[in-house]
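J.: sharing a sequence plus its predicted fold:
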Amino acid sequence: MIAEKVLQHPCNVLTEAQRLQFFRDGFLVVENYVPEPWLERLRAATRDLVERSRAVRESDATFILEEGHSAESPRLHRVSSPQDHHEAMWAFMRDPVMTDLVADVVGPDVKFHHAKLNVKSGKGSGGFDWHQDIPAWPHTDYSPVTVGVYINGCRPDQGPLSFLPGSHNGPLYSMYDDEGNFVVRIREADLAWVTEDMVARPTGGPGTTVLLNCRTVHGSSPNRSADPRLLLLPVYSSADSFPYTANPIPSVHQGDVVRGQPARHASFDTRSCELPPDWRFGYKTVWQHKKKPAGY
């Protein structure tokens with residue numbers, strides 16, 4: 001659903017001013033949004049997943065490991081599709097605390113696409129260069145939104161998400177490097193216009209939640225603290241928005257309508273989008289093109 005149609009529906013959670021800010025800036029921060037009972041369940045689920053990672057010796061389709069990971073001292077960077085591996089994660093992602101919030105920016109009918117849990121272990125976990133999300137999973141419109149939940153909050157030294165406000169209204173940049181690798185990173189030459197005073201690096205306490213438009217230029221710096229930065233990142237779209245390439249992070253729940261009704265017609269935004277590699281033959285992760293694991 002395009003923005004003009006979304007704005008015809010009343011807000012459920014956000015104020016109208018907050019919703020307009022999201023569409024103006026391409027992101028919105030809602031401080032301390034997720035209630036503590038849910039945060040406790042998410043923390044417990046994360047502990048279970050970290051515990052399971054002790055048996056993993058090298059990164060696989062589910063667990064992305066940090067350098068120095070071991071059974072004795074697990075260093076976990078990411079869990080792909082956490083909703084497929086822990087019931088509490090999926091219960092949260094389809095709970096109204098999430099779906100009503102998402103409906104405010106995509107419309108009343110909400111569809112799930114994929115998710116990841118970025119643990120981003122402390123003491124040097126890598127950052128992520130400037131990039132845009134939608135070229136990795138193009139849809140028929142630009143309604144897809146990533147919801148970032150800081151389970152324990154985020155301090156400036158933990159490598160918070162960083163944004164270029166308003167960049168969602170600009171061009172989509174290539175996510176390929178000069179060798180033709182899909183690196184989900186904008187070339188430096190394409191970012192010559194960026195200055196430090198343009199960058200927003202919001203932080204917040206436990207439960208602080210970020211809504212991120214799929215076209216917004218964003219990234220993060222390394223986690224320089226001793227504490228992990230737990231960031232849950234489910235992706236949703238309007239029910240009438242459809243992916244037209246294979247999902248790089250597949251899930252049994254992909255396409256589930258978690259609020260409202262399935263669509264009978266598709267929504268289209270005719271602005272073009274660069275295509276990713278053909279993920280049907282396997283997803284080559286971004287960190288395979290880097291010296292260290294990375295992930296916002």
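T.: Thanks, I have it. Please read these numbers as outputs of a predicted model, since none were measured by experiment. Residues are numbered from 1 along each chain as shown.

J.: now do the same for Lys291: its pLDDT.
T.: Note for Lys291: predicted pLDDT of 45.

J.: same check on Leu42?
T.: At Leu42, pLDDT is 97.

J.: CA atoms of the strand or helix carrying it as PDB?
T.: Using DSSP states H and E, Leu42 falls within helix 36-53. The C-alpha coordinates for helix 36-53 follow below in PDB (Å, rounded to 0.1, in the frame of the first residue of the first chain):
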ATOM      1  CA  GLU A  36       8.700  -5.300  30.200                       C
ATOM      2  CA  PRO A  37       6.800  -8.600  30.300                       C
ATOM      3  CA  TRP A  38       7.500  -9.000  26.600                       C
ATOM      4  CA  LEU A  39      11.100  -8.000  27.000                       C
ATOM      5  CA  GLU A  40      11.600 -10.600  29.700                       C
ATOM      6  CA  ARG A  41      10.300 -13.300  27.300                       C
ATOM      7  CA  LEU A  42      12.500 -12.100  24.500                       C
ATOM      8  CA  ARG A  43      15.600 -12.100  26.800                       C
ATOM      9  CA  ALA A  44      14.800 -15.600  27.900                       C
ATOM     10  CA  ALA A  45      14.400 -16.700  24.200                       C
ATOM     11  CA  THR A  46      17.700 -15.100  23.300                       C
ATOM     12  CA  ARG A  47      19.500 -16.900  26.200                       C
ATOM     13  CA  ASP A  48      18.100 -20.200  24.800                       C
ATOM     14  CA  LEU A  49      19.300 -19.400  21.300                       C
ATOM     15  CA  VAL A  50      22.800 -18.400  22.500                       C
ATOM     16  CA  GLU A  51      22.900 -21.600  24.600                       C
ATOM     17  CA  ARG A  52      22.100 -23.600  21.400                       C
ATOM     18  CA  SER A  53      24.900 -21.900  19.600                       C
END
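
J.: next, the buried residues of that helix.
T.: Trp38, Leu39, Arg41, Leu42, Ala45, Thr46, Leu49, Val50, Arg52, Ser53 (16 or more other Cβ atoms under 10 Å). Every C-beta, even on glycine, is put in place using the N, C-alpha and C of the backbone.

J.: show me the contacts for the closest residue to His218 other than its chain neighbours.
T.: Closest residue to His218 apart from its sequence neighbours, by Cβ to Cβ, 6 or more residues apart in numbering: Phe163 at 4.8 Å. Contacts were defined as Cβ atoms under 8 Å, 6 or more residues apart in numbering; by that measure Phe163 touches Asp25, Gly26, Phe27, Val199, Ala200, Arg201, Pro202, Leu212, Thr216, Val217, His218.

J.: if you set the cut-off to 6 Å instead, what comes out?
T.: Residues near Phe163 by Cβ atoms under 6 Å, 6 or more residues apart in numbering: Phe27, Ala200, Thr216, His218.

J.: same question, Pro135
T.: Contacts for Pro135 (Cβ under 6 Å, 6+ apart) come out as Met175, Glu274.
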